[in-house]
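> A structural model of the following input is requested.
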Amino acid sequence: MQTMKQTLSQGMTGKVIIIGILGILLLLPTSMTESLLLERQERQQQLRTEVSQQWGEQLLLKAAYLRIPYLIHNTDSDGIRRHDSQQRFLYVLPEYLEIDGHLASEVRHKSLYTVPLYQARLSVKGHFQRPDMATFGLAKAEVQWHRASFGIGLSQLKGLQAVEPLILGGKTYSLAAGLPSLKMASQGLSAPVKLSAQWQELPFATALTINATERIEFVPMAQNTKLSLAADWPDPGFTGAFLPQQQHITEEGFSASWQVLGVNRNIPQVLTRNDTFIHDDSHFGVSLIIMADVYQQVDRLIKYMALFIVFTFAALFCSEVLSGTVIHPVQYLLVGLAIVLFYVLLLSLAEHLGFFMAYVLAATVVTVQISLYARSLCQYRSLSYWVAVLLVLLYSYFYLLLQMQDYALLAGAAGLLLLLVAVMYVTRHVDWYNTSAGSFMPSM
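Purely as a prediction, here's the structure:
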């Protein structure tokens, strides 16, 4: 029993092994911290959903299309036309589509959380090209041009604030909620239109004002789709299948423009009853990103918890070696628990104060706590000051690491290398074979 006690308290090899085991065990609370973080993120998403349901959800625009009915007359075996017929529909997409949009953004607060909202003013114009009915085997079909309808698909209607009249082929129509068919979209705006049997090119124009949340996306419905967007939001995130060809981002906002050709999308120009309108791999747009999202930053910091435990334990171990003081494994464990609680404290403060102030306060509390504890453990109080300085440097280093995107891995590897160099330097004169307490003090 006495031999085991000496090994645990004085044996350098045993001490290193025990410290390593403690470091691994302290990673177990990481999953608990991540679960807490996930719970707060789910709460944030729940409140965002509540706000979006009242203001207007994310927007997906499918503009525009024509729904054209035609009749197929049945014939008997002798080719004589019978009185019964079947009504079917063609869905014609635009030859050219141009959308010009402006987003007026704002941030709403719900409890502790923020939700990015916007009001979109969208000007939609373009033209349709008359389809060749013979191409679809419908040369003998009776096309009912006078019973056509114009449609615009929208992912939500609650946010609509204004809808300007549709100008189609020089005639004015009123757009109303509801679609005559769910083939192109589950909801949207439509209007019955009367087309001339001789039409070849059909221009159209309308405009919408709609409230929505966080994201706006578009389906490239035309053979040539052009989109221009401008907003007073400084942090856009471009999403979907196509990136903008031109973009300009400043602190006051952004502007971007896209052009998508028909060959870039897997959508037929004319859809028959056997065609399915699939656009999941074609839509594109922009999200309004909150760059200072505390949960994303805390989540990134949690991934560095192992590094922080290693750095802090290395600092204590070096203090132990230099001072000749034996630090018990339980005392290492208490220091490790203080590091784990740093993340919980950071998360709770960040929801109220923002990430930067929460990080400063949480790091200050934990640094003072560990430094005072180290001062009571070491025979030489000056070494506890070095522990405090090292902790300040560590917290500063990890904060800078969070601000890096492309060089985070490189900076992390460099930090580990410098740590190893520092440990090798300060322990270069230690007699690791002598396990007596006095041998912990290196020869100078």
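> how are the helices of the stretch 51-200 of the chain distributed by residue range?
In the stretch 51-200 of the chain, no segments count as helices under DSSP state H, counting those that start in this stretch.
> low pLDDT regions in it?
Applying pLDDT under 70 to the stretch 51-200 of the chain flags the ranges 75-84, 111-112.
> before we move on, what about the stretch 301-444 of the chain?
By pLDDT under 70, the weakly predicted segments of the stretch 301-444 of the chain are 322-324, 378-383, 405-406, 423, 426-427, 430-444.
> please repeat the previous calculation with a cut-off of 80.
Low-confidence segments of the stretch 301-444 of the chain, defined by pLDDT under 80: 307, 311, 314-327, 375-387, 401, 403-409, 411-413, 415-416, 419-420, 422-444.
> give me the neighbour count for Val421.
Residues lying near Val421 (other Cβ atoms under 10 Å) number 10. Quick note: C-beta positions are derived from backbone N, CA and C, even for glycine.
> ok, now Tyr425?
For Tyr425, the neighbour count with other Cβ under 10 Å is 9.
> how about Gln223, phi and psi?
phi -60, psi -30 (degrees, to the nearest 10).
> wait, Gly253 sits on Leu229?
No: taking contacts as Cβ atoms under 8 Å, Gly253 lies outside contact range of Leu229: 10.4 Å.
> domains in the protein, as residue ranges please.
With domains defined by automatic domain parsing, the chain comprises 8-42+295-440, 60-291.
> quick one: closest of these to Glu50.
Among the domains of the chain, the nearest to Glu50 by Cβ to Cβ is domain 60-291 (6.9 Å).
> just the buried residues of the one helix or strand Gly415 maps to, please?
Assigned by DSSP states H and E, Gly415 belongs to helix 408-426. Using 16 or more other Cβ atoms under 10 Å as the test for burial, helix 408-426 gives 408, 412, 415, 419, 426.
> can you check stretch 263-271 too?
Quick answer for stretch 263-271 (16+ other Cβ under 10 Å): 265, 267, 270-271.
> residue closest to the middle of the protein?
Ile289 (7.6 Å; Cα atoms, centre = their mean).
> for that residue, phi and psi?
phi -100, psi 140.
> wait, what's in contact with Leu316?
By Cβ atoms under 8 Å, 6 or more residues apart in numbering, the contact list for Leu316 reads 327, 332, 335, 374, 387.
> count the neighbours of the third one for me.
Val335 sits with 24 neighbouring residues when counted by other Cβ under 10 Å.
> the first one now?
A count of nearby residues for Ile327, using other Cβ under 10 Å, gives 19.
> SS state for it?
Secondary structure, DSSP: H, G, I helix; E, B strand; the rest coil: Ile327 is coil.
> quick one: residues contacting it.
Going by Cβ under 8 Å, 6+ apart, the list of residues near Ile327 reads 316, 319-320, 377.
> helices - which of the contacts of Leu316 land there?
Within these, residues falling in helices by DSSP state H are 332, 335, 374, 387.
> what's the separation between the nearest residue to Val286 once chain neighbours are set aside and Glu214?
Nearest residue to Val286, sequence neighbours excluded (Cβ to Cβ, 6 or more residues apart in numbering): Pro236, at 4.9 Å. Pro236 sits 11 Å away from Glu214, going by Cβ to Cβ, to the nearest Å.
> shared neighbours of these two, which are they?
Each of 287-288 lies in contact with both Pro236 and Glu214 under the rule Cβ under 8 Å, 6+ apart.
> isn't Leu61 right up against Ile152?
Yes: assessed by Cβ under 8 Å, Leu61 is found in contact with Ile152 at 7.3 Å.
> settle it for me: which of those two has more neighbours?
Neighbour count, other Cβ under 10 Å: between Leu61 and Ile152, Leu61 has more, with 27 against 24.
> how close does that one sit to Leu189?
11 Å.
> overlap of the contact sets of those two?
By Cβ under 8 Å, 6+ apart, Leu61 and Leu189 have these common neighbours: 152, 154.
> the more surrounded of Gly253 and Leu229?
With neighbours defined as other Cβ under 10 Å, Gly253 and Leu229 compare such that Leu229 has more, 24 against 17.
> and that one, bridged to which residues?
Note on Leu229: beta-bridge partners Gly101, Ala256, judged by DSSP bridges.
> same check on Ser287?
When assigned by DSSP bridges, Ser287 has beta-bridge partners Arg215, Gly237.
> now Phe128
With DSSP bridges as the rule, Phe128 is bridged to Leu202.
> residue contacts, it?
By Cβ under 8 Å, 6+ apart, the contact set of Phe128 is 66, 92-95, 201-202, 204.
> adding neighbour count, write these out as a markdown table.
Converted to a markdown table, the contacts of Phe128 look like this (neighbours: other Cβ atoms under 10 Å):
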| residue | neighbour count |
| --- | --- |
| Leu66 | 23 |
| Val92 | 19 |
| Leu93 | 27 |
| Pro94 | 25 |
| Glu95 | 17 |
| Glu201 | 11 |
| Leu202 | 22 |
| Phe204 | 21 |
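> identify the farthest-apart pair in those residues.
Leu93 and Glu201 (14.1 Å).
> hang on, the earlier thing: looking at the domains of the chain, which is closest to Thr49?
Across the domains of the chain, closest to Thr49 is domain 60-291 (Cβ to Cβ), at 8.9 Å.
> first vs last residue of that closest one, how far apart are they?
23 Å (Cα to Cα, to the nearest Å).
> likewise stretch 256-267?
Chord length of stretch 256-267, first to last residue, is 24 Å (Cα to Cα).
> ok, and what's touching it?
Here stretch 256-267 makes contact (Cβ under 8 Å, 6+ apart) with 93, 219-230, 236, 238, 241-248, 269, 277-279, 281-282, 284, 286.
> hmm, 7 Å instead?
For stretch 256-267, contacts defined as Cβ atoms under 7 Å, 6 or more residues apart in numbering pick out 220, 223-229, 242, 244-247, 269, 279, 281-282, 284, 286.
> returning to what we had before: a markdown table for the domains of the chain, including distance to Val51?
A markdown table is the format used below for those (distance: least, Cβ to Cβ, whole Å):
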| stretch | distance to Val51 |
| --- | --- |
| domain 8-42+295-440 | 15 |
| domain 60-291 | 5 |
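> of the ones you listed, which is nearest Gln54?
Checking the domains of the chain against Gln54 by Cβ to Cβ gives domain 60-291 as the closest, at 8.3 Å.
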